[in-house]
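J.: Generate a structure from the sequence data that follows.
(chains A and B)
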Amino acid sequence: MRFHLPSALRKWAGNNEVLEMSLPLDLRMTIAEAVIMLGRDYPGIRQRVLDDQGNIRHHVNVFVDGENVRFAQGALTQVTHASEVRIYPAMSGG
Amino acid sequence: MERIEPITPQSGNLLLMVGTVKGAFIFHSDGNRRAFHIAGPYFKGQEVFSAAYLPDKKAPRMLMGVKSQHWGSTVCWSDDFGANWHEPAEGNVRYPVSSGLSLNAIWALEPAPLVGPNVVFAGADPAALYRSDDRGETFQPNDALLNHPERPFWMPGFGGLCLHTVMPDPRDPSRIIIGISAAGIYRSDDSGKSWTRRNSGIRMDDAGPPNAPHFRPQCAHKMRYAAKNPRRIYLQNHPGIYRSDDGGDSWVDIAKGLPSVFGFPLVAHPRCADTAYVIPLTADNFRVPIEGAAKVWRTRDAGESWAPLGSGLPQQDAYFSVLRDAFIADSLDPAGLYFGTRNGQLFASSDEGESWRTIADWLPAVLCVKAQLVA
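T.: Residues are numbered from 1 along each chain as shown, chains lettered A, B, ... in the order given. Sure, this is the predicted structure:
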């Protein structure tokens, strides 16, 4: 599984744009569980993508294999060892 | 205004920590307060709801409660007057999963040196109190308040369900008073092990929520201890202005003589227990100075009478509001007063409010102002 990070989050990932996480071929989990797993090595990423209840923050967009999870099953969207996860800050503000 | 960075203040200098909706600024001056210099913005694009200063002479520390609209809220700190800020990777104000709550914003940061030399309290939205024992680096929630039996009856206001005011008693380390909108004033006399509502005498016309019609949710906007007398507290309530002379056990209406009972901030004089200041706004549904004339009102007799102070403030077509934490006094003599507006002005008085001047314009909307004399 690969996580593609926006520039604002890279300082919490050793300045890497892409983080790779090895998973068993048959493992399935939710995107929230995957972010929590990634947070073992990169706690700053978990903190900024998920809120205190493990939900994806309101102004963060997470795409799994090209689909915005907001329009799928949200934090419960399933991922596999081969998923490409892209994280974007929402276009927001004023 | 001259820009000076990094800040290297000397003993006796004055610092103003100003939080806005798009970052923080630090204004600094020598003790005569004639000229202020600006530094910042820090936390560009983020909201800075709260600020505090730990005045340890050898290791002073600035704290700010910072909210990114994208990435959440954190207490950040600087040990070099803003040159470098520390942001913990894992955050430091977190709700337990069992609470079902998630942090929205950190509304209050309050050092409590009598409780412990490294103790800082934080007030959060949704309403919760946190305590740090390491100068603001990590925080633990107050379970008694988090699980308070009246919590189901609390109702968020326009700004959220915010615990915006934390007042550790300056003489009794076991007593803390807090303000929550919209729930009211609560006090603990046992170091936070239990909390009791202290709203006796405060008017509330509306009925409580359907699940508790007997419960009158109060919206305390700002409370301040009177100087040298922690039994006396001044309160700007959502509707009304009150004084307590018994530590919050009872409140008396002191709004007579004011042109409006609505406003957000309230400041107590740093030395005179009978002197306090408010900034009345037109009404709940029109939160601007009355008839467009900006005035600070002062009492010098504990609320028996009030008088306006407007010299130097805009007296026509002024349509701004001042939020609850955006008005503060310094500790100098004569007292300096400072307030920031949602339109981005920062006004200052160096003569106890008799005259005012604009020390910054065109800032983002101001959320909080803290004044600190450097030891």
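
J.: list the contacts for the residue nearest the centre of chain A?
T.: The centre of chain A sits closest to residue A:35, judged by CA atoms, centre = their mean, with a distance of 5.1 Å. Contact partners of residue A:35, counting by CB atoms under 8 Å, 6 or more residues apart in numbering or on different chains, are A:45-46, A:49-50. Using the backbone N, CA and C atoms, a C-beta is placed for each residue, glycine as well.

J.: residues contacting residue 41?
T.: You didn't say which chain, so I picked chain A. By CB under 8 Å, 6+ apart, the contact set of residue A:41 is empty.

J.: not quite, I wanted chain B
T.: Contact partners of residue B:41, counting by CB under 8 Å, 6+ apart, are B:20, B:22-25.

J.: Doesn't it belong to a strand?
T.: Yes - assignment of residue B:41 by DSSP: H, G, I helix; E, B strand; the rest coil places it within a strand.

J.: what's the distance between it and residue B:16?
T.: Distance, residue B:41 to residue B:16, using CB to CB, to the nearest Å: 14 Å.

J.: what's the burial count for whichever residue of the stretch 101-250 of chain B sits closest to chain A?
T.: For the stretch 101-250 of chain B, the residue closest to chain A is residue B:102, as judged by CB to the nearest CB, at 3.9 Å. Per other CB atoms under 10 Å in any protein chain shown, the neighbour tally for residue B:102 reads 19.

J.: Quick check, pLDDT for it.
T.: If you check residue B:102, the pLDDT there is 98.

J.: what's it in contact with, if anything?
T.: If you count contacts by CB under 8 Å, 6+ apart, then residue B:102 has A:51-53, A:55, B:95 around it.

J.: Can you name the two of the residues you listed that sit furthest apart?
T.: Spatially, the most separated pair among the contacts of residue B:102 is A:55 and B:95, at 12.0 Å (CB to CB).

J.: Neighbour count: those two, which is higher?
T.: residue B:95 (20 against 14).

J.: And the closest residue to residue A:30 other than its chain neighbours, how far from residue B:99?
T.: Distance criterion CB to CB, 6 or more residues apart in numbering or on different chains; nearest residue to residue A:30, sequence neighbours excluded, is residue A:76 at 4.9 Å. Noted for residue A:76: a distance of 21 Å to residue B:99, by CB to CB.

J.: what about the two, which has more around it?
T.: residue B:99 (17 against 12).

J.: ok, that one - contacts?
T.: Residue B:99 sits next to A:52, B:141, B:146 when contact means CB under 8 Å, 6+ apart.

J.: rerun at 7 Å
T.: By CB atoms under 7 Å, 6 or more residues apart in numbering or on different chains, the contact set of residue B:99 is residue B:146.

J.: Give the phi and psi angles for it, as a check.
T.: Dihedral angles of residue B:99 (phi, psi; degrees, to the nearest 10) stand at phi -80, psi -20.

J.: roughly how far apart are it and residue B:126?
T.: Counting by CB to CB, the gap from residue B:99 to residue B:126 is 9 Å.

J.: what's around the closest residue to residue B:190 other than its chain neighbours, how many residues?
T.: Closest residue to residue B:190 apart from its sequence neighbours, by CB to CB, 6+ apart: residue B:174 at 5.8 Å. Using other CB under 10 Å, the number of residues around residue B:174 comes to 14.

J.: Now do the SS call for residue B:174.
T.: Secondary structure, three-state DSSP: residue B:174 is coil.

J.: same check, this time on residue A:75
T.: helix.

J.: For it, give me its contacts.
T.: Counted by CB under 7 Å, 6+ apart, residue A:75 has contacts A:30-32, A:54-56.

J.: Where does residue B:137 fall, secondary structure wise?
T.: Following DSSP states H and E, one finds residue B:137 outside all helices and strands.

J.: next one: residue B:130
T.: Using DSSP H and E, residue B:130 falls in strand B:128-132.

J.: just how off-centre is that strand within its chain?
T.: Here the centre of mass of C-alpha atoms in strand B:128-132, compared against the chain's by CA atoms, centre = their mean, to the nearest Å, lies 16 Å away.

J.: same check, this time on stretch B:142-155
T.: Put simply, stretch B:142-155 sits 22 Å off its chain's centre (CA atoms, centre = their mean).

J.: Repeat that for stretch B:18-25.
T.: Offset of stretch B:18-25 from its chain centre (CA atoms, centre = their mean): 14 Å.

J.: which regions of chain B sit below the pLDDT cut-off?
T.: Along chain B, the model assigns pLDDT under 70 to no residue.

J.: let's see 90
T.: Across chain B, residues meeting the criterion (pLDDT under 90) sit at B:1-7, B:31, B:56-58, B:157-159, B:182, B:203-218, B:239.

J.: Close to chain A: what parts of it are there?
T.: Contacts of chain B with chain A, taken as CB under 7 Å from any CB of the partner chain, map to B:69-72, B:89-91, B:94-95, B:97, B:100-103.

J.: Can you name the two of the residues you listed that sit furthest apart?
T.: The span of the residues of chain B next to chain A, defined through CB to CB, is set by B:89 and B:100 at 24.4 Å.

J.: returning to what we had before: most neighbours among the residues of chain B next to chain A, please name it.
T.: residue B:72 (25 neighbours).

J.: Touching, that residue and residue A:57? I think so.
T.: Yes - Residue B:72 is in contact with residue A:57 according to CB atoms under 7 Å; the separation is 6.3 Å.

J.: shared neighbours of those two, which are they?
T.: Counting by CB under 7 Å, 6+ apart, the residues touching both residue B:72 and residue A:57 are residue A:51.

J.: so what's the spatially most central residue of chain B closest to, chain neighbours aside?
T.: Nearest to the geometric centre of chain B sits residue B:325, at 3.4 Å (CA atoms, centre = their mean). Nearest non-adjacent residue to residue B:325, counting by CB to CB, 6+ apart: residue B:368, 3.9 Å away.

J.: got it, and residue B:229?
T.: With sequence-adjacent residues excluded and distances taken as CB to CB, 6+ apart, residue B:229 is closest to residue B:273, at 4.6 Å.

J.: Could you measure from that neighbour over to chain A?
T.: Counting by CB to the nearest CB, to the nearest Å, the gap from residue B:273 to chain A is 41 Å.

J.: quick one: that residue is in a strand?
T.: No - going by three-state DSSP, the assignment for residue B:273 is coil, not a strand.

J.: With that, I have no additional questions.
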